[in-house]
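Visitor: model this:
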Amino acid sequence: MGRVLDGVAPHMEQAGERGFQIADLPEPSQDDIVAALKRERVDVLINFLPVGSQRASEFYMECALEAGVGVVNAIPVFIASDPAWEARFRQRGLPIVGDDIKAQVGATIIHRTLSNLFSTRGVTVDRTYQLNTGGNTDFMNMLDPARLADKKVSKTEAVQAALAQRLDDENIRIGPAEYVPWQKDNKIAFVRLEGSQWGGVAVNLELRLSVEDSPNSAACVMDAIRFCKLARDRGEGGTLIAESAYYCKHPPQQLVEDVALGLLDARAAPRLDAAE
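Guide: Numbering: from 1, shown residues only. As a prediction, this is how the structure comes out:
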């Protein structure tokens, strides 16, 4: 049992076959969790709490700082991209990758790629949307609009960063659209871009993506863990810029995927050379 705080939305307490029954379980103290992290010799803590878990995320960040472990922040609670939190990790010499993990091939990375394609081919993007539907507990949790603020910012900024010019708020809509229980873990994304080519000629693109949602970010999480461990072994602290840009939707510095990947290859090379 962990510390709940705001990690479970009120409407989620009866989700699942038996419900959470959180009131009947004793919650550990911060000292308990720090002791467990140290006892198990944890190198990297992964934050995969439900979207909107601001207080709970901050609680576990405090535990990580006290226990001396690195962090991969996989959810849209802004830690790695928050200067105050970043400074604390840097001062402790602890690395953090974040915020809000990308899927291996998901709606955001495809939307970024298409937006970048339009921009590099000289097409002005006038309007765009990305609407997602799903039936797992992640989508059920996001039925509460109060838990969605950072999620919408994270996904929107990831796409805005790939455009040649930022769109006004009324011309871009990105975020969860609907909870459809019978979809279960299948996530369906609808992406549309409306643009203007040379001479003002209109071009519109529509895409439908269907993926199994839960495992779709696993590859990115695994790589992020490896890079975080590598940085911890090297004594590097603070937000890992290239790793955060390549693997997360809301890094402190947005980079084009090719640029971020090149930086990652360069960072991994010294360790590979040493191993040889």
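Visitor: Name whatever forms a beta bridge with residue 131.
Guide: Beta-bridge partners recorded for residue 131 (DSSP bridges): residue 175, residue 190.
Visitor: For it, the count of nearby residues, please.
Guide: Neighbours of residue 131 under the rule other CB atoms under 10 Å: 16. All C-beta atoms are positioned from the backbone trio N, CA, C, and that covers glycine.
Visitor: For the strand or helix carrying residue 111, name the packing helices and strands.
Guide: Using DSSP states H and E, residue 111 sits within helix 107-120. Using 3 or more CB pairs under 8 Å, 6 or more residues apart in numbering; DSSP states H and E as the contact test, the elements touching helix 107-120 are strand 124-134, helix 149-160, strand 186-196, strand 202-212, helix 257-275.
Visitor: between the second one and helix 107-120, how many degrees?
Guide: Note on geometry: by axes from the mean of the first three to the mean of the last three CA atoms, to 10 degrees, helix 149-160 and helix 107-120 are set 30 degrees apart in direction.
Visitor: Now do helix 149-160: which elements does it pack against?
Guide: Applying 3+ CB pairs under 8 Å, 6+ apart, one finds that helix 149-160 contacts helix 107-120, strand 124-134, strand 172-179.
Visitor: Make CSV from the helices and strands packed on helix 107-120 and add distance to residue 58 and mean pLDDT to it.
Guide: Output for those, formatted as CSV (distance: least, CB to CB, whole Å; pLDDT from 0 to 100):
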stretch, distance to residue 58, mean pLDDT
strand 124-134, 26, 97
helix 149-160, 13, 94
strand 186-196, 28, 97
strand 202-212, 30, 98
helix 257-275, 27, 79
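Visitor: Export these as TSV, with columns for distance to residue 31.
Guide: Formatted as TSV, the helices and strands packed on helix 107-120 follow (distance: least, CB to CB, whole Å):
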stretch	distance to residue 31
strand 124-134	38
helix 149-160	29
strand 186-196	39
strand 202-212	39
helix 257-275	35
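Visitor: what about the ones you listed, which gets the closest to residue 103?
Guide: Of all the helices and strands packed on helix 107-120, strand 202-212 sits nearest to residue 103, with 7.1 Å by CB to CB.
Visitor: where's the residue most central in space within the chain relative to residue 133, distance?
Guide: Centroid-nearest residue in the chain: residue 100, 1.3 Å away (criterion: CA atoms, centre = their mean). Distance check for residue 100 against residue 133: by CB to CB, to the nearest Å, it reads 19 Å.
Visitor: how about the helix holding residue 111 as PDB, C-alpha atoms only?
Guide: Extracted in PDB, the C-alpha atoms of helix 107-120 (Å, rounded to 0.1, in the frame of the first residue of the first chain):
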ATOM      1  CA  ALA A 107      -1.000   9.800 -31.200                       C
ATOM      2  CA  THR A 108       1.300  12.500 -30.000                       C
ATOM      3  CA  ILE A 109       4.500  11.300 -31.800                       C
ATOM      4  CA  ILE A 110       2.500  10.800 -35.000                       C
ATOM      5  CA  HIS A 111       0.900  14.200 -34.600                       C
ATOM      6  CA  ARG A 112       4.300  15.800 -34.100                       C
ATOM      7  CA  THR A 113       5.700  14.000 -37.100                       C
ATOM      8  CA  LEU A 114       2.900  15.100 -39.400                       C
ATOM      9  CA  SER A 115       3.000  18.700 -38.100                       C
ATOM     10  CA  ASN A 116       6.800  18.800 -38.600                       C
ATOM     11  CA  LEU A 117       6.300  17.400 -42.200                       C
ATOM     12  CA  PHE A 118       3.800  20.100 -43.000                       C
ATOM     13  CA  SER A 119       6.200  22.700 -41.700                       C
ATOM     14  CA  THR A 120       9.400  21.400 -43.400                       C
END
